[in-house]
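Trainee: Give me the fold of what follows.
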Amino acid sequence: MSVNKPTKITPADKAKDDTPPAERASLLERASGAFGLDKLAPAAVPVMLDSDKAKKFATKRNFEEKPALADPPAARVVEPAEEPVAAPASQPAPRRAETAAVEFTGTKHEIVRELLREQGLIDPDGGASRLLEEFRIVKRQVLATAKAEGTAASRRVLVCSPHPNEGKTFCALNLALAMASERDGEVLLIDADFGKPSILSKLGLSSETGFMDVLADPSAHVEDYVLGTDVPGLWVLGAGARTGRDSEYLASERTWEVLNRLTRGAPNRMIVFDSPPALAATPASELAKHVGQALLVARADRTGQVALEDAIDLLSACPDIRLLLNDATFSPSGRKFGSYYGYGE
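Mentor: Model (predicted):
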């Protein structure tokens, strides 16, 4: 075992050295000399590599001088045929009609009020009545749901019943008449009972074209088929011609386009459908896919529970289904709307 002999190192500030400060060795350099570490010094690197040795790192490139052209070709000048027109500045594209509301501008037709009263319907000019008060309750719930949801589908309401003669058309008409009285809204009543349409006849109106004609013709604009009435806020669309393929047309993409056109950009417009009975024809279940609310009319002492359950199952595509009891003569709570105003005594 070899032991290195200790070497005394005198600090630089106490050592007497006449060497100029610039040439004095540092503490590390003197320690390296004292302990024999000079052999570990790196090899000296020349400032510049020799030209012959540099060839192995990069080959010399030979640049060939290209002869200059004696007479360079003259630039070709093309005379414009006419004065150029400056390109217009980029402007934001105008808003397309897809976001604008479709307005109804059809001719207003008179609805005979006496005809409404004969059928037991709401008379828009008749003031308060028990019937009006009852449908005001229904209307308020439907409008509240549409406002809470805030979607186009929630503004489309399907009125249906399990079987015929349970009062679905009666309820659809009265609901539309009650909604038409809203100060800041409008309602479109659509007759979707293509097999037995009756909406127009009950209002004293007539039209050979209607909803089915719009679905069958891709170029048709639905607003051109809508009928205006002299009841403020009430518009009507008839059933149209029978085709025998009602369900197929309702299941097509064309139906989505038409219904979206009716509710797009119109937050204050409600659409009410009078559909065929759910257990008698298939269009009701197809229409349920396009609406956000459904009123299933049950006639007191007539509509059975099993029929209601089957109808609800067929309309299950609609997210919000409510039962509407029609022709009820007894109220457990004794509720008699309209009697306060002198009606129904």
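
Trainee: and the residue lying closest to S206 once chain neighbours are set aside, how many residues sit next to it?
Mentor: Once flanking residues are discounted, S206 sits nearest to L200: 5.8 Å by CB to CB, 6 or more residues apart in numbering. To be clear about C-beta, it is placed using only N, CA and C from the backbone, and glycine gets the same treatment. For L200, the count of nearby residues is 19 (other CB atoms under 10 Å).

Trainee: how close does L200 get to W235?
Mentor: 12 Å (CB to CB, to the nearest Å).

Trainee: Quickly list what's touching both of these two.
Mentor: Both L200 and W235 are contacted by L227, under the criterion CB atoms under 8 Å, 6 or more residues apart in numbering.

Trainee: buried sites along stretch 166-185?
Mentor: 166-181, 185 (16 or more other CB atoms under 10 Å).

Trainee: Just the residues you listed: which are in helices?
Mentor: Secondary structure defined by DSSP state H assigns 168-180 of those to helices.

Trainee: Would you mind putting the residues you listed into CSV with distance to V102 alongside?
Mentor: Listed next are those as CSV, based on distance: CB to CB, whole Å:
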residue, distance to V102
K168, 27
T169, 26
F170, 29
C171, 26
A172, 22
L173, 23
N174, 26
L175, 22
A176, 18
L177, 22
A178, 23
M179, 18
A180, 18
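
Trainee: quick one, helices of the stretch 101-250 of the chain?
Mentor: For the stretch 101-250 of the chain, the helices defined by DSSP state H, counting those that start in this stretch cover 113-118, 130-149, 168-180, 199-202, 211-216, 246-250.

Trainee: For D310, find the nearest of these.
Mentor: helix 168-180 (15.6 Å; CB to CB).

Trainee: what's the neighbour count on N268?
Mentor: By other CB under 10 Å, the residues close to N268 number 15.

Trainee: contacting residues around it?
Mentor: So N268 contacts E182, D184, G185, E186 (CB under 8 Å, 6+ apart).

Trainee: Next, the contact list for the first one, please.
Mentor: The one in question is E182. Counting by CB under 8 Å, 6+ apart, E182 has contacts L143, G233, N268.

Trainee: can you pull out the strands in this structure?
Mentor: 108-109, 156-160, 186-191, 227-229, 234-237, 269-274, 293-299, 321-326 (DSSP state E).

Trainee: Export those strands as TSV, with columns for mean pLDDT, distance to H221 and mean neighbour count.
Mentor: Shown next, in TSV, are the strands of the chain (pLDDT from 0 to 100; distance: least, CB to CB, whole Å; neighbours: other CB atoms under 10 Å):
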stretch	mean pLDDT	distance to H221	mean neighbour count
strand 108-109	94	19	15
strand 156-160	98	19	28
strand 186-191	98	14	25
strand 227-229	96	14	19
strand 234-237	97	12	24
strand 269-274	98	16	25
strand 293-299	97	26	23
strand 321-326	95	31	16
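
Trainee: Tell me which of these lies nearest to V102.
Mentor: strand 269-274 (9.0 Å).

Trainee: CA atoms only: put the closest one into CSV for me.
Mentor: What follows is strand 269-274, C-alpha atoms only, in CSV (Å, rounded to 0.1, in the frame of the first residue of the first chain):
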residue,chain,number,x,y,z
ARG,A,269,-95.5,29.8,-32.4
MET,A,270,-97.2,26.7,-31.2
ILE,A,271,-98.1,23.7,-33.5
VAL,A,272,-101.1,21.6,-32.6
PHE,A,273,-101.7,18.3,-34.4
ASP,A,274,-105.0,16.5,-34.6
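
Trainee: orientation of that strand relative to strand 186-191 in degrees?
Mentor: 20 degrees (axes from the mean of the first three to the mean of the last three CA atoms, to 10 degrees).

Trainee: how near is the closest residue to A220 other than its chain neighbours to R155?
Mentor: Excluding its sequence neighbours, the residue lying closest to A220 (CB to CB, 6+ apart) is V214, at 4.8 Å. For V214, the distance to R155 (CB to CB) stands at 19 Å.

Trainee: Out of the strands of the chain, which gets nearest to A100?
Mentor: strand 269-274 (13.0 Å).

Trainee: Partner strands of that closest one, with direction?
Mentor: strand 156-160 (parallel), strand 186-191 (parallel) (DSSP bridges).

Trainee: For it, which outside residues touch it?
Mentor: 101, 142-143, 146, 155-159, 168-169, 172-173, 175-176, 179, 185-193, 199, 259, 262-263, 287, 291.
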